[in-house]
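Participant: predicted model and sequence follow; I will ask about them next.
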Amino acid sequence: TAILEKHDRSQFEVFAYSYGPVEDSPERQRFTQAVDHFIDIHELSDAEAADRIAADGIDILIDRKGYTFGHRLGIFARRPAPVQVNYLAFGGTMGVDFIDYAIVDAFVVPPEEQENYTERLVYLPDCYQPNSYRPKADKMPARSDCGLPEEAVVFCCFNQTYKLTPRIFDCWMRILRRVPDAVLWLLHPDAATADNLRHEAAIRGVDADRLIFAPKVLQAAHIARHALVDIFLDTDVVNALTTASDALSMGCPVITCPGHSFVSRGAGSILRAMELPELIADDFHAYEDLAVMLGTQPDSRAALRKKIAEKMRTAPLFDTARYSAHLDRALLEMWRRYAAGQPAEPFSVPPLETSPRS
C-alpha cells in the first residue's frame, strides 16, 4: 500500500480491481484511499471483468496473484491491456504468452535464467520486494509472556510449516545440539503437526521441550515479539519474505542459504538490500556454523544488532520512496517501448544516485 501511495501522480493514474472477499478492515480502507479508482469485480465473470478493464483504458495491467489460490488469470488471458506484468505474488514464470514482463532483481533471478521465463525480465536495482515499516504493538512483550526461557538463546522460524523440509529440520536440530542452552520458537501449527515435530526432534537427540510454539496473535503483536528472538533461521526450498523483513525491522538477524529457484533466493535478496551479505551462507554447513557462532557469542550478536539498527536508517531495503521511484521508472520504460512499437525485451532500471528516502 505504501508503494501505491507514492506513485508519481503526474505520471500515473492508478486503478485497483478487487475480486477477493469484501471486508471492512483498516488495511483495506487504507488501500482504497491509496489508489485513484477502486473497482470491485468479484461478481463479474472473467470476460466481463476484462471488458471493464479495457473500457477503463488501462495501459499496464499488473497481476498480483500468479497461480496462487483464487487467481483470475482468465482475465489476463483476454488481453484487456496492451502491457501485462507478473509482479510480486508469484515467484517464477507464468509460462504463458499473455504476460509480457516479470519484475525481479538480479539476485532472485540471475540474468542467465531469462531462457526459463516466458516473460521478459525487468530488474530493479535493490530488491524486487517492496518493504515498509509495519505497525507493531505499543507494548513490547517479555519472554515470560511468550513462554520463553529468560536466559536461553532463542532461535526462531516464523515461516509457515509447509516450508519446513527434512533437510532444514535436520540442520536446526544439529544447531540445537551444538548450542545446548538454545530453544527453537516456531509458529504453532495444528496439534498433529506440533506432535510430529516434537517426535522428530526427539529422534534427532533434542529434548522435545526445546521446541516452543508461538500462538496466533494480531499482526502488530506478532511483529513485536520478534524483539525477543536472537536469531531467525530461514527455510530452504521456500524462503521467508515479508517474514524476514519483519524480523529485520525488529533488529533480529536472519540467516539464509539460497537455492537455485526464485522462491529459495528471496531472503538473500532482502539481506543484500539490507547490506548484510554476511548472513547469506554459501551452503548448509556454513549456515549451521554461522548459527552456532551467533548462538554461542553474545558479543557477536550484539554487534550484529547494532549494525542492523544502523542499516535500518541507511540501507535501501526499507527506503520506500527509493523503491517506488525505481518501480515507476520500470513501468514507464515498459510503456515507452510499447508506445514506440518495440517488442518487450529484458532491461534493468538504473539505481537512483540520491535517495528521496522517507
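Facilitator: Sure thing, it's come through.

Participant: hey, let's count contacts and neighbours off CA atoms from now on
Facilitator: Will do.

Participant: the stretch 1-150 of the chain: strands as residue ranges?
Facilitator: With DSSP state E, counting those that start in this stretch as the criterion, the stretch 1-150 of the chain has strands at 15-18, 37-40, 60-63, 83-86, 101-105, 120-124.

Participant: could I get the second one in PDB with only the CA atoms?
Facilitator: Written as PDB, here are the backbone C-alpha positions of strand 37-40 (Å, rounded to 0.1, in the frame of the first residue of the first chain):
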ATOM      1  CA  HIS A  37     -10.000   4.300  -8.600                       C
ATOM      2  CA  PHE A  38     -11.100   1.100  -6.600                       C
ATOM      3  CA  ILE A  39     -13.400  -1.200  -8.600                       C
ATOM      4  CA  ASP A  40     -14.900  -4.400  -7.100                       C
END
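
Participant: pLDDT on stretch 187-207, on average?
Facilitator: Summarised as a single mean, pLDDT over stretch 187-207 is 97.

Participant: quick one: buried residues of it?
Facilitator: 187-189, 194, 197-198, 200-201, 206-207 (16 or more other CA atoms under 10 Å).

Participant: go through the residues you listed and flag which are in helices.
Facilitator: Of these, the ones assigned to helices by DSSP state H are 194, 197-198, 200-201.

Participant: turn those residues into a markdown table, columns for distance to residue 23.
Facilitator: Listed next are those as a markdown table, based on distance: CA to CA, whole Å:
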| residue | distance to residue 23 |
| --- | --- |
| 194 | 32 |
| 197 | 35 |
| 198 | 37 |
| 200 | 40 |
| 201 | 41 |
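
Participant: so how far is residue 237 from residue 165?
Facilitator: 8 Å (CA to CA, to the nearest Å).

Participant: mind checking which of the strands of the stretch 1-150 of the chain is nearest residue 242?
Facilitator: strand 101-105 (15.6 Å; CA to CA).

Participant: neighbouring strands of the closest one in the sheet, and parallel or not?
Facilitator: Partners of strand 101-105 in the sheet, by DSSP bridges, are strand 83-86 (parallel), strand 120-124 (parallel).

Participant: can you put the ones you listed in TSV and add mean neighbour count, mean pLDDT and distance to residue 109?
Facilitator: Formatted as TSV, the strands paired with strand 101-105 follow (neighbours: other CA atoms under 10 Å; pLDDT from 0 to 100; distance: least, CA to CA, whole Å):
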stretch	mean neighbour count	mean pLDDT	distance to residue 109
strand 83-86	23	98	14
strand 120-124	24	98	9
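
Participant: can the ones you listed go into CSV with extra columns for distance to residue 250?
Facilitator: What follows is these, written out as CSV (distance: least, CA to CA, whole Å):
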stretch, distance to residue 250
strand 83-86, 30
strand 120-124, 25
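
Participant: buried ones in the lengthiest helix in the chain, by neighbour count?
Facilitator: If each helix of the chain is counted by residues according to DSSP H, the longest one is helix 320-339. Across helix 320-339, burial judged by 16+ other CA under 10 Å covers 320-331, 333-335.

Participant: ok, stretch 240-252 next?
Facilitator: Within stretch 240-252, the residues scored as buried using 16+ other CA under 10 Å are 240-252.

Participant: make JSON lines out of these and add distance to residue 180.
Facilitator: Listed next are these as JSON lines, based on distance: CA to CA, whole Å:
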{"residue": "240", "distance to residue 180": "25"}
{"residue": "241", "distance to residue 180": "29"}
{"residue": "242", "distance to residue 180": "30"}
{"residue": "243", "distance to residue 180": "26"}
{"residue": "244", "distance to residue 180": "25"}
{"residue": "245", "distance to residue 180": "28"}
{"residue": "246", "distance to residue 180": "27"}
{"residue": "247", "distance to residue 180": "23"}
{"residue": "248", "distance to residue 180": "25"}
{"residue": "249", "distance to residue 180": "28"}
{"residue": "250", "distance to residue 180": "25"}
{"residue": "251", "distance to residue 180": "24"}
{"residue": "252", "distance to residue 180": "20"}
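
Participant: let me know the closest of those to residue 112.
Facilitator: The closest of the buried residues of stretch 240-252, once distances to residue 112 are taken by CA to CA, is residue 241, at 23.0 Å.

Participant: break down the stretch 101-250 of the chain into its helices, ranges please.
Facilitator: Applying DSSP state H, counting those that start in this stretch to the stretch 101-250 of the chain gives helices spanning 166-178, 191-203, 219-224, 242-249.

Participant: ok, and what's touching stretch 31-38?
Facilitator: 1-2, 4-5, 13-18 (CA atoms under 8 Å, 6 or more residues apart in numbering).

Participant: filter those residues to the buried ones?
Facilitator: 2, 4-5, 14-16.

Participant: farthest-separated two in those?
Facilitator: 2 and 15, at 15.1 Å, using CA to CA across the buried ones among the contacts of stretch 31-38.

Participant: quick one: contacts for residue 306?
Facilitator: Contacts here follow CA under 8 Å, 6+ apart; on that basis residue 306 touches nothing.
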